[in-house]
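1. Dropping the sequence and predicted coords here.
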Protein chains: 2
Amino acid sequence: MYRIGELAQRYALKTDTLRFYDKHGLLKPSSRSQSGYRMYNEADAERLCFILRAKETGFSLTDIAELLSIDLNKANVSCADVKELVDLKLMEIKGKIAALNNFKESLQRLSSACCGGPESAEHCSILEALESNSSTGKKSDLTNYSSQHHQHGQR
Amino acid sequence: MYRIGELAQRYALKTDTLRFYDKHGLLKPSSRSQSGYRMYNEADAERLCFILRAKETGFSLTDIAELLSIDLNKANVSCADVKELVDLKLMEIKGKIAALNNFKESLQRLSSACCGGPESAEHCSILEALESNSSTGKKSDLTNYSSQHHQHGQR
DNA sequence: CTTGACCTTGGATTAAGCTCCAAGGTTATA
DNA sequence: TATAACCTTGGAGCTTAATCCAAGGTCAAG
């Protein structure tokens, strides 16, 4: 069992952050000491670990809470519902991975084009690198993102 | 040349967002009409495209501004400096890709374990899926095992 | 039995990234 | 020429995710 300060230190967080997660239902300590101190066990630590990893991959705390809620009320939720939610998040993740790989390739191109010497970086441009990138097969996604659903009436 | 509303619509943004990017130096329109309207050209659109993709991969606007600044003052910056910055971002990106792949595998495991039927989701737990995941490579620092399924004390 | 490091609460503040509003100027179309 | 749909500015307001503060309780060590 860890007190809040110990858990915070272990994951390089502020105690305030853990209290914030408690207040917002993301991570409630499995118990309290007789004096009211938050007491966290290993399962809590694992749950925190999940939260941190999901956060790192760009999910909002709300998204994360939704994913975690599957676990909490799993007896009340149908398997189909779980699958639907998870598959949705899975698609989001795949999209992010694709975007990151794209981005990575651009930067790698830039990095290797860049001599790395002390001379001026005239030919080192992120944008140049990305231009050559934009011809990577499918261009659609962003470039015409909204062409389908027209919103009108500015506000 | 596009007016702000056209560019906004093309990328499914609010005009306010483009004005925000202008004010904060991320994307200044290459020119203004005689009446003061912001006029964006294709290069501006490409720059915006870069911003949106970088944002999607979880970079802050500050990070993005830093990357883009390479382009602006490239004559004043050494190739070595560029390479250093780019390689740093590259490492960040690789880390994110690794975390996402990890996460993706967990969710895939969960999705396929999940029958998808109307029965209760007793065995569909994000946390269970992640536990079995923690044996993927380096386990040491953050994640501590937990041999098989079976946990969860409801508070 | 006091000191200092820890913990509690509620509420205020911060920073980022928009988003909205008011008051007014511009421009294409009827 | 008037109407509607655009645009301008500055500034206020919102959401998310913390982070800080004040006033006080807990607890092991000296």
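-> Noted; the coordinates are in hand.

2. Please enumerate the helices of chain A.
-> For chain A, the helices defined by DSSP state H occupy A:4-10, A:15-23, A:42-56, A:61-72, A:79-113, A:126-133, A:140-143.

3. Indicate whether the first one makes contact with chain B.
-> Right, the one you point to is helix A:4-10. No: interface with chain B: helix A:4-10 contributes nothing (C-beta under 8 Å from any C-beta of the partner chain), its closest point being 8.9 Å away. Heads up, the C-betas are built off the backbone N, CA and C, glycines and all.

4. Now for residue A:45, how many residues are close by?
-> The number of residues packed around residue A:45, counting by other C-beta atoms under 10 Å in any protein chain shown, is 19.

5. my read: it touches residue A:10, true?
-> Yes: using C-beta atoms under 8 Å, residue A:45 is in contact with residue A:10, at 7.3 Å.

6. any shared contact partners between those two?
-> With contacts taken as C-beta atoms under 8 Å, 6 or more residues apart in numbering or on different chains, the residues that reach both residue A:45 and residue A:10 are residue A:2.

7. Give me the pLDDT for the residue of chain A found nearest DNA strand C.
-> Closest residue of chain A to DNA strand C, C-beta to the nearest atom of the strand: residue A:5 (2.6 Å). On the pLDDT scale, residue A:5 is placed at 97.

8. Please apply the same query to residue A:117.
-> Note for residue A:117: predicted pLDDT of 55.

9. and if you look at residue A:53?
-> pLDDT, residue A:53: 84.

10. The helices of chain A: lowest mean pLDDT?
-> Among these, helix A:140-143 carries the lowest mean pLDDT (a mean of 38).

11. Would you mind listing what in chain A touches DNA strand C?
-> Applying C-beta under 7 Å from any atom of the strand, we find that chain A lies next to DNA strand C at A:3, A:4, A:5, A:6, A:15, A:19, A:36, A:37, A:38, A:155.

12. Buried ones among those?
-> Buried by 16 or more other C-beta atoms under 10 Å in any protein chain shown: A:4, A:38, out of the residues of chain A next to DNA strand C.

13. ok, and of the residues of chain A next to DNA strand C, which contact DNA strand D?
-> Among these, DNA strand D is touched by A:19, A:36, A:37 when using C-beta under 7 Å from any atom of the strand.

14. from these, which is closest to residue A:50?
-> Nearest to residue A:50 among those is residue A:19, at 18.6 Å by C-beta to C-beta.

15. how close does the closest residue in space to that closest one that isn't next to it in sequence sit to residue A:35?
-> Ranked by C-beta to C-beta, 6 or more residues apart in numbering or on different chains and with sequence neighbours excluded, the top spatial neighbour of residue A:19 is residue A:4, at 7.1 Å. Residue A:4 sits 13 Å away from residue A:35, going by C-beta to C-beta, to the nearest Å.

16. Residue A:28 now?
-> 18 Å.

17. Good, wrapping up.
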